[in-house]
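Undergrad: okay, here's the prediction I keep looking at, along with the sequence it came from:
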Amino acid sequence: MEHDRDLDFPDGGWRAWGVVLGSWCAMVPSFGLMNTIGVFESWLADHQLRDYSKASIGWIFSLYMFFLYFGSVQVGSLFDAHGLAPLLIPGCVGLVASVMILSVAEEYYQFMLGFSVLGGISSSMVFTPSVACIAHWFLRRRALATGIAATAGGIGGIIFPILIANLADSLGFPWAIRIIGFISAAFCCLSVALLRTRLPLNSTQKGIVDIRALKELRFSLLTAAIVLIDFALLIPLTYLPSYAQSRGMGDSLAYNLSSILNAASIVGRVVPGYFADRFGRFNVMIITTLICSVLILALWLPAQSNQAAILAFAVLFGFWSGTAISLSPVCVAQISKTEDFGKRYGTTYFLVSIGSLIAIPIAGEILKVQTSAGQDDYTGLIVLFF
């Protein structure tokens, strides 16, 4: 942040808050799909891909996360050099197309190509510029503005699982997903209309990874921390619904756990952001990650068939993990020049993509090894990723 004190940031006004709204609209489909992978995993394991192991199914979502974050490297650099429209518009088209492909996919390779590859790359072209645009308009209240925009992922993570839980049996899974596609298209159109940049392009940039930034100790340490945080947060997001089903919870309530978790994360993305602007973004980030670890060990690990404990974990973990997610880009921005934020943020999430690529398959293999007599044992998975 100290790099930008000589620049005049609006930090408010209808144009600035319009950009926040546009970023919010962009994150509903891009982050909403990410926050629905637990329901996708559970549904596919019981239906289209029931003959595949959880580890194999996990690759679909790990590749989606990999391309979403890996794409951020290229997208962040291209945003800094070429601006918003060349990325956002193709990204919106590809994102909606990937959802429609998901609605008709039946074979394993179709899920991999249509959702994992196309969906992941397209989502990175939507959410990375939308986050970077906020940094063009806000400095002092950047954490609050980013936190407000980040609530969109929680909204999408509420709406999409509820649609699947309530419509998949009556209308069929394909039409439930198509409705999600239509909703995504509407929000993408709004994001194109509202998002704007303000600062000049950084046309002198070379390369897509900021090697010099990685040599900076504080940036390297922050990047390592974000990698570990995202590595750990993926597991509850992906496996909590199937965990609940294996412990006797009904399918409808198990699917809605994702909605409950994401509803709690909405509050968690805004309220701590308000305090982060006053008491320090890094201070709040440290506290929230510690609390997430405690919740995994104190609530999820011993929950077993205690549905009240599972529900309590979904609420509390959703709140505190939402804070960690929304503050990650703010912490990167605090130690970056605004004109370099897109590339540095992309560099961080290039490394996050490696963790995302291996996290879910590793968890699936652990689950496979610990499965006996048809009963899944999640103990090793929970302990390893806390």
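TA: Received the coordinates, thanks.

Undergrad: what residue ranges in the stretch 101-250 of the chain score low on pLDDT?
TA: 203-209 (pLDDT under 70).

Undergrad: the same query, at a cut-off of 80, please.
TA: 143, 147, 199-212 (pLDDT under 80).

Undergrad: can you give me the strands for this protein?
TA: Along the chain, counting by DSSP state E, no stretch forms strands.

Undergrad: measure stretch 129-149 end to end?
TA: Stretch 129-149 has an end-to-end distance of 13 Å (Cα to Cα, to the nearest Å).

Undergrad: of all the residues in it, which ones are buried?
TA: 129-139, 141-149 (16 or more other Cβ atoms under 10 Å). For every residue, glycine as well, the C-beta is placed using N, CA and C.

Undergrad: ok, now stretch 104-118?
TA: For stretch 104-118, by 16+ other Cβ under 10 Å, it's 105, 108, 111, 112, 113, 114, 115, 116, 118.

Undergrad: distance across it, terminal residue to terminal residue?
TA: End to end - Cα to Cα - stretch 104-118 spans 15 Å.

Undergrad: tell me how far that stretch lies from the chain's centre.
TA: In this view, stretch 104-118 has its centroid 20 Å away from the chain centroid, taken as Cα atoms, centre = their mean, to the nearest Å.

Undergrad: contacts for that stretch?
TA: The contact list for stretch 104-118 (Cβ atoms under 8 Å, 6 or more residues apart in numbering) reads 44, 48-49, 52, 56, 59-61, 63-64, 67, 94, 97-98, 101-102, 174.

Undergrad: what about 10 Å?
TA: Residues outside stretch 104-118 that contact it (Cβ atoms under 10 Å, 6 or more residues apart in numbering) are 33, 37, 40, 44, 47-49, 51-52, 56-57, 59-68, 94-95, 97-103, 119, 174, 177-178.

Undergrad: was I right about residue 341 contacting residue 129?
TA: No: Residue 341 lies out of contact with residue 129 (Cβ atoms under 10 Å); the separation is 11.1 Å.

Undergrad: which residues do these two both contact?
TA: 76, 79, 80.

Undergrad: the second one: what's it in contact with?
TA: By that I understand residue 79. Going by Cβ under 10 Å, 6+ apart, residue 79 touches 72, 86-88, 125, 128-133, 197, 201-202, 341-343, 345-346.

Undergrad: repeat that for 8 Å
TA: 87, 128, 129, 132, 342.

Undergrad: including distance to residue 16, could these go into TSV?
TA: Formatted as TSV, the contacts of residue 79 follow (distance: Cβ to Cβ, whole Å):
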residue	distance to residue 16
87	21
128	19
129	16
132	14
342	18
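
Undergrad: name the nearest residue to residue 300, ignoring sequence neighbours.
TA: residue 313 (4.8 Å; Cβ to Cβ, 6 or more residues apart in numbering).

Undergrad: if I look at that neighbour, how far off is residue 164?
TA: To residue 164, residue 313 is 21 Å away according to Cβ to Cβ, to the nearest Å.

Undergrad: please apply the same query to residue 226.
TA: Counting by Cβ to Cβ - residue 226 and residue 164 are separated by 29 Å.

Undergrad: also residue 181?
TA: On the measure of Cβ to Cβ, residue 181 and residue 164 end up 13 Å apart.

Undergrad: what about those two, which has more around it?
TA: Higher neighbour count among residue 181 and residue 164: residue 164, with 24 against 19, using other Cβ atoms under 10 Å.

Undergrad: the more buried one contacts residue 42, correct?
TA: No: at 9.6 Å, residue 164 does not count as touching residue 42 under the criterion of Cβ atoms under 8 Å.

Undergrad: the stretch 101-250 of the chain: helices as residue ranges?
TA: Ranges of helices in the stretch 101-250 of the chain, per DSSP state H, counting those that start in this stretch, are 108-110, 120-137, 142-167, 173-194, 211-215, 217-246.

Undergrad: can you put these in TSV and add distance to residue 332?
TA: Formatted as TSV, those follow (distance: least, Cβ to Cβ, whole Å):
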stretch	distance to residue 332
helix 108-110	35
helix 120-137	9
helix 142-167	11
helix 173-194	21
helix 211-215	10
helix 217-246	7
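
Undergrad: once you drop chain neighbours, what's closest to residue 21?
TA: residue 194 (5.5 Å).

Undergrad: ok, back up a step: show me the contacts of stretch 104-118 that map onto helices.
TA: 33, 37, 40, 44, 56-57, 59-68, 94-95, 97-103, 174, 177-178 (DSSP state H).

Undergrad: out of those, which end up buried?
TA: 33, 37, 40, 44, 56-57, 59-68, 94-95, 97-103, 177-178.

Undergrad: before we move on, the earlier item: hang on, isn't the residue nearest to residue 300 packed against residue 301?
TA: No: contact between residue 313 and residue 301 fails when scored by Cβ under 8 Å: they sit 9.5 Å apart.

Undergrad: of these two, which one has the most company?
TA: Comparing residue 313 with residue 301 by other Cβ under 10 Å, the one with more neighbours is residue 313, at 25 against 16.
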